[in-house]
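A.B. asks: Sharing a model that was predicted from the sequence below.
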Amino acid sequence: MNDDFRFAPFVERTRNGAFGREGARYAYSADIAMLRSFSRMRPVEYAATALVRANRELMRGDLLGKGVRVGPRQFPSLYRLVAHCAGALAVAPPQVYVVNSPVVNAYTFGTDDESFIVLHSSLVDSLNEKELLFVIGHETGHIQNQHVVYGTALQVLTAGAQAVLGFFVEPALLALRAWYRRAEITCDRAGLLCSQDVDAGVGSFMKLAVGSARLHGEMDVDVYLEQLEENRRSVGRYLEAFSTHPYLPKRIRALRLFAESALYQQALGAAGGLSLDVIDEQTSEIIRIDGKPGTASASPEDPAAPDAPRTKGGSDPADPGEGETR
C-alpha cells in the first residue's frame, strides 16, 4: 500500500466540517432518510439503545475470550490498514478483532460510543491488501455514519428475539432490513474511498460470493452480473426483502456507479464526474426489488422512505444477519 495518501485533502475537509452528524458527505441519501425516521421515533430509539447496551458487554467479553484483538503490537500489518481507514474517514481507530472462522465475512457491532469490528480469519486469508482496505473501510463507514446501534439491534433481534416473539417482531425486522440494505450502499462507498480501487471492491464481493479460493480465479464478473438481469425476471427476487444486504451484483453496479461521482473523482485528484444527487437516483433504481431499472413505480419495500435532499454545500442532512454481514 502506498502510504503517501492522496486522499489527504479530502480528509482535511472532513475534519473541517464537511461531514455532518447524521451522515458522511458520501452517504446514500436513502440510508440517511430512513435512519433519520428511526431517530424521530423515540421509543424505538430508546429500545434499540437499551437492547444493544444490554448485549454489548456479553459480545465484547466473548470476543476477548475467543478472538484476538488487533493493535500496534498484535498483527501490526493489519493494524496499519485499520489506522489508514480511520484516518481516511476522520474517525478514531476502531477496536478490531480477528476470530477463527471458515466463513469469509466481517461485521461491526456495539454502540455509537464503543464499536467493534470483527474480521473472520478466512476473510483475512482470502483478500489481498487493497481488498482488506475496502472491507475495513466499509466496516469503519458503519461507525462513521452512526449505523452501529440499529445494526446491532438488528443482529440481536434476528438471533434472539425473533425466536421468542416470532411473527410479532417481523414488521420491525423488515423495516430494519430495508434500512440496512441502504446502509450497506453507504458503507461500500466508504470502502472505496479508503481503498481507492474499484477492482479491489469488486474483487472482495466476488470472493464473498463464491467463498472458494480455488474457483475465484476463474470467475468472470460480467457473466456474474448477467445473473442480476435474470433475477429481475424471477418472482424469487422478492426474497431480498428478507435480507439485510442487497444482492451482490447490485452492490457491484452501485459501487461502479459511485466511482463515476464527482466526489470520488475529487478524492483521486481528478476533475469531472456526476453529482451525488444523480448517483443516488440511479442507485435507487439499481437496488430496487420490484421491476427493472428505469421503471417509475415505487418500490413496495420502502414506500415511506424517499431519498433525502442534499444541502447546497454537499453535506448530507442527517450485523450480522442471515449468514452475511458485509
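C.D. replies: That came through fine.
A.B. asks: List the buried residues of stretch 205-212.
C.D. replies: Buried residues in stretch 205-212, defined by neighbour count with 16 or more other Cβ atoms under 10 Å: 205, 206, 207, 208, 209, 210. C-betas here are computed from N, CA, C, even on glycine.
A.B. asks: any idea how far residue 200 lies from residue 187?
C.D. replies: Applying Cβ to Cβ, to the nearest Å, the value for residue 200 to residue 187 is 15 Å.
A.B. asks: Neighbour count for the two, which is higher?
C.D. replies: For residue 200 and residue 187, the more surrounded residue by other Cβ atoms under 10 Å is residue 187, and the numbers stand at 29 against 22.
A.B. asks: Please tell me I have it right and that one contacts residue 145.
C.D. replies: Yes: here residue 187 lies in contact with residue 145, judged by Cβ atoms under 8 Å, at a distance of 7.1 Å.
A.B. asks: ok, which stretches of the protein are strands?
C.D. replies: Counting by DSSP state E, the chain has these strands, from start to end: 68-69, 95-99, 106-110, 115-120.
A.B. asks: Paired strands for the shortest one, with orientation please.
C.D. replies: Each strand that strand 68-69 pairs with, and the sense of that pairing, follows from DSSP bridges: strand 95-99 (antiparallel).
A.B. asks: How about residues contacting the partner strand?
C.D. replies: Contacts made with strand 95-99 from outside it, assessed by Cβ atoms under 8 Å, 6 or more residues apart in numbering, are listed as 63, 66-70, 75, 78-79, 82, 114-121, 124, 136.
A.B. asks: Can you say which of those are buried?
C.D. replies: 63, 67-68, 70, 75, 78-79, 82, 115-121, 124, 136.
A.B. asks: Report the contact partners of residue 265.
C.D. replies: Residues touching residue 265, when contacts are defined by Cβ under 8 Å, 6+ apart, comprise 271, 272, 273.
A.B. asks: To what extent is residue 271 buried, counted in neighbours?
C.D. replies: If you count neighbours by other Cβ under 10 Å, residue 271 ends up with 8.
A.B. asks: The one 3 residues further on too?
C.D. replies: Here the count is done by other Cβ under 10 Å, and residue 274 has 18 residues near it.
A.B. asks: got it, and residue 231?
C.D. replies: Close neighbours of residue 231, defined as other Cβ under 10 Å, add up to 14.
A.B. asks: so how far is residue 75 from it?
C.D. replies: Here the criterion is Cβ to Cβ. By it, residue 231 lies 38 Å from residue 75.
A.B. asks: same deal with residue 39?
C.D. replies: In this structure, residue 39 and residue 75 are separated by 36 Å, where distance is defined by Cβ to Cβ.
A.B. asks: got it, and residue 118?
C.D. replies: Note on residue 118: its distance to residue 75, by Cβ to Cβ, is 14 Å.
A.B. asks: Residue 68 too?
C.D. replies: 7 Å.
A.B. asks: Same question for residue 105.
C.D. replies: Using Cβ to Cβ, one gets 18 Å for the distance from residue 105 to residue 75.
A.B. asks: same check, this time on residue 191
C.D. replies: Computed as Cβ to Cβ, the residue 191 to residue 75 distance reads 20 Å.
A.B. asks: what residues are up against residue 273?
C.D. replies: Neighbouring residues of residue 273 by Cβ under 8 Å, 6+ apart: 260, 261, 262, 263, 264, 265, 266.
A.B. asks: my read: the fifth one touches residue 191, true?
C.D. replies: Translated: residue 264. No: with the criterion set as Cβ under 8 Å, residue 264 and residue 191 do not qualify as a contacting pair; they are 11.7 Å apart.
A.B. asks: number of nearby residues for residue 288?
C.D. replies: Counted with other Cβ under 10 Å, the neighbours of residue 288 add up to 22.
A.B. asks: Quick check: residue 183 touching residue 151?
C.D. replies: Yes: with contact defined as Cβ under 8 Å, residue 183 reaches residue 151; the gap is 7.0 Å.
A.B. asks: joint contacts of the two?
C.D. replies: With Cβ under 8 Å, 6+ apart applied, the overlap between the contact sets of residue 183 and residue 151 consists of residue 142.
A.B. asks: Do a quick rundown of the helices in the stretch 101-250 of the chain.
C.D. replies: Defined through DSSP state H, counting those that start in this stretch, the helices belonging to the stretch 101-250 of the chain, from first to last, are 121-126, 129-144, 148-156, 162-165, 170-195, 198-210, 213-216, 221-232, 248-258.
A.B. asks: how many other residues sit next to residue 25?
C.D. replies: Neighbour count of residue 25, defined by other Cβ under 10 Å: 20.
A.B. asks: what's the distance between it and residue 261?
C.D. replies: Shown here: residue 25 relative to residue 261, a distance of 11 Å by Cβ to Cβ.
A.B. asks: and if you look at residue 176?
C.D. replies: Summarising the geometry, the distance separating residue 176 from residue 261, computed by Cβ to Cβ, is 27 Å.
A.B. asks: on that earlier part again, mind putting the helices of the stretch 101-250 of the chain into TSV with mean pLDDT?
C.D. replies: Converted to TSV, the helices of the stretch 101-250 of the chain look like this (pLDDT from 0 to 100):
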stretch	mean pLDDT
helix 121-126	96
helix 129-144	97
helix 148-156	84
helix 162-165	52
helix 170-195	93
helix 198-210	95
helix 213-216	85
helix 221-232	91
helix 248-258	97
